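Enquirer: Please find the sequence and the predicted model below.
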Amino acid sequence: MFYRSSILKRIAIINRFFPVHNSISKQGFYRSLRVLSSPDGQYSAAHTTKQSSYLESIHEKTASLFSNSHQMVSSVQGTFLKFLVQMSKATRVLEIGTFTGYSALCMAEGLKGRGSEAKVVTLEKNIEHFKVAKENIESSGLGHLIELKLGDAIDTLLNLDNAAQYDLIFIDADKGNYINYYNTVLERNLLSDDGIIVADNVLFRGLVSQVAKTKETKDLSQISSTVKHLHSFNEYIANDRRTTQVLLPCFDGITLIRKNV
Ligand SMILES: C[S@@+](CC[C@H](N)C(=O)[O-])C[C@H]1O[C@@H](n2cnc3c(N)ncnc32)[C@H](O)[C@@H]1O
């Protein structure tokens with residue numbers, strides 16, 4: 001019951017912030033809402049290992065306190081991120097976009113037992129989000145595994161010590177800067193040779209693939225800048241010879257990227 005009402009609340013919020021402009025985007029938009037509340041989504045959640053009660057409480061607290069809580073990854077995606085950290089045997093993780101710390105905490109759980117070098121460094125510029133994340137991290141018992149940095153992510157990335165590289169880099173902040181984040185990470189050599197970049201929301205509620213079709217026939221000005229930025233990012237990555245990538249149509253669309261070495 002809670003799950004259903006929380007989905008309806010999120011749909012109302014998404015509607016408010018991302019109004020559907022015309023029939024071009026309508027189809028993709030409503031398809032994405034169906035995915036959020038679909039029987040498959042609920043079935044997937046019901047058949048995925050339960051998270052720790054602490055992570056669950058952070059997810060629920062964020063959903064009840066923040067009208068923009070749809071920005072946070074779902075609990076299934078949180079579990080997927082923890083899996084990725086464990087499977088890749090990552091020691092150092094970098095996250096761009098902390099929000100209330102939920103995904104950073106999921107990834108920190110995946111680092112347990114990986115020694116004294118294990119760390120999630122997570123970047124956030126919004127002071128309110130930063131403060132809530134700090135509280136959540138401090139009371140989690142995982143504080144020793146997470147370093148939270150306040151400031152604009154590009155500035156922070158430019159000042160990070162690149163002597164220690166990162167094995168997994170999760171890009172989940174402002175979509176207009178995705179290409180900048182990607183380039184800065186590669187140019188500053190922050191990604192280890194075996195490392196992966198994970199870029200979130202690359203299909204953005206089913207709207208990004210609509211842009212590609214629309215380009216030929218319709219006016220792009222009617223499509224939100226977020227969607228255009230994500231399409232530009234996807235095109236940029238697909239044409240970049242420095243890396244190999246796979247765009248997965250799961251969650252809100254995620255791309256896994258590796259360096260060609
Ligand atoms: C999608 S949310 C992150 C959600 C989080 N990864 C999770 O799943 O729990 C994006 C966050 O990035 C932050 N952000 C946006 N632009 C930023 C920037 N230029 N530098 C640092 N943080 C930024 C926002 O304030 C927001 O908290």
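Expert: Cool, got the structure. Numbering: from 1, shown residues only.

Enquirer: quick one, longest strand in the chain?
Expert: strand 191-200 (DSSP state E).

Enquirer: What is the subsequent helix or strand relative to it?
Expert: helix 208-217 (DSSP states H and E).

Enquirer: The longest strand of the chain pairs with which strands, and in what direction?
Expert: Strand 191-200 has these partner strands in its sheet, going by DSSP bridges: strand 166-171 (parallel), strand 254-259 (antiparallel).

Enquirer: Packed most tightly, which of those strands would that be?
Expert: strand 166-171 (a mean of 25; mean count of other Cβ atoms under 10 Å). For the C-beta atoms, the positions are set from N, CA and C on the backbone; glycine is no exception.

Enquirer: returning to what we had before: which one of the strands paired with strand 191-200 lies closest to the ligand?
Expert: strand 166-171 (6.9 Å; Cβ to the nearest ligand atom).

Enquirer: Stretch 50-62 vs the ligand: in contact?
Expert: No: in terms of Cβ under 6 Å from any ligand atom, no part of stretch 50-62 sits within range of the ligand; the closest distance is 7.3 Å.

Enquirer: Quick check: residues of the stretch 51-200 of the chain near the ligand?
Expert: With Cβ under 6 Å from any ligand atom as the criterion, the stretch 51-200 of the chain meets the ligand at residues 71-73, 97-99, 102-103, 123-126, 129, 152-153, 172-174, 177.

Enquirer: now, which of those lie within strands?
Expert: If you go by DSSP E, these have Leu123, Glu124 in strands.

Enquirer: related to what we said a few turns ago, switch the strands paired with strand 191-200 over to CSV; also include mean pLDDT.
Expert: Below are those laid out as CSV (pLDDT from 0 to 100):
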stretch, mean pLDDT
strand 166-171, 98
strand 254-259, 98
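
Enquirer: Mind checking those strands for the one nearest to Ser209?
Expert: Counting by Cβ to Cβ, Ser209 lies closest to strand 254-259 out of the strands paired with strand 191-200; the figure is 13.4 Å.

Enquirer: what does the closest one contact?
Expert: 77, 182, 186, 191, 193-202, 234, 237, 242-248 (Cβ atoms under 8 Å, 6 or more residues apart in numbering).

Enquirer: repeat that for 7 Å
Expert: 191, 193, 196-200, 202, 237, 242-248 (Cβ atoms under 7 Å, 6 or more residues apart in numbering).

Enquirer: Likewise for stretch 108-117?
Expert: Ser52, Lys82, Val85, Gln86, Thr91, Arg92, Val93, Ala118, Val120, Leu142, Leu145, Ile146.

Enquirer: For stretch 176-187, could you pull out the residues that count as buried?
Expert: Asn177, Tyr178, Ile179, Tyr181, Tyr182, Thr184, Val185, Leu186 (16 or more other Cβ atoms under 10 Å).

Enquirer: who's in contact with the residue nearest to the second one when sequence neighbours are not counted?
Expert: Across the structure, with Cβ to Cβ, 6 or more residues apart in numbering as the measure, the residue nearest Tyr178 apart from its sequence neighbours is Phe233 (4.2 Å). With contact set as Cβ under 7 Å, 6+ apart, Phe233 has these partners: Tyr178, Ile179, Val202.

Enquirer: Make CSV out of those residues and add distance to Lys228 and pLDDT.
Expert: Listed next are the contacts of Phe233 as CSV, based on distance: Cβ to Cβ, whole Å; pLDDT from 0 to 100:
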residue, distance to Lys228, pLDDT
Tyr178, 12, 98
Ile179, 12, 98
Val202, 13, 98
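
Enquirer: Quickly name whichever of these is closest to the ligand.
Expert: Tyr178 (10.7 Å).

Enquirer: Counting neighbours, which of the residues of the stretch 51-200 of the chain next to the ligand end up buried?
Expert: Among those, those buried by neighbour count (16+ other Cβ under 10 Å) are 71-73, 97-99, 102-103, 123-125, 129, 153, 172-174, 177.
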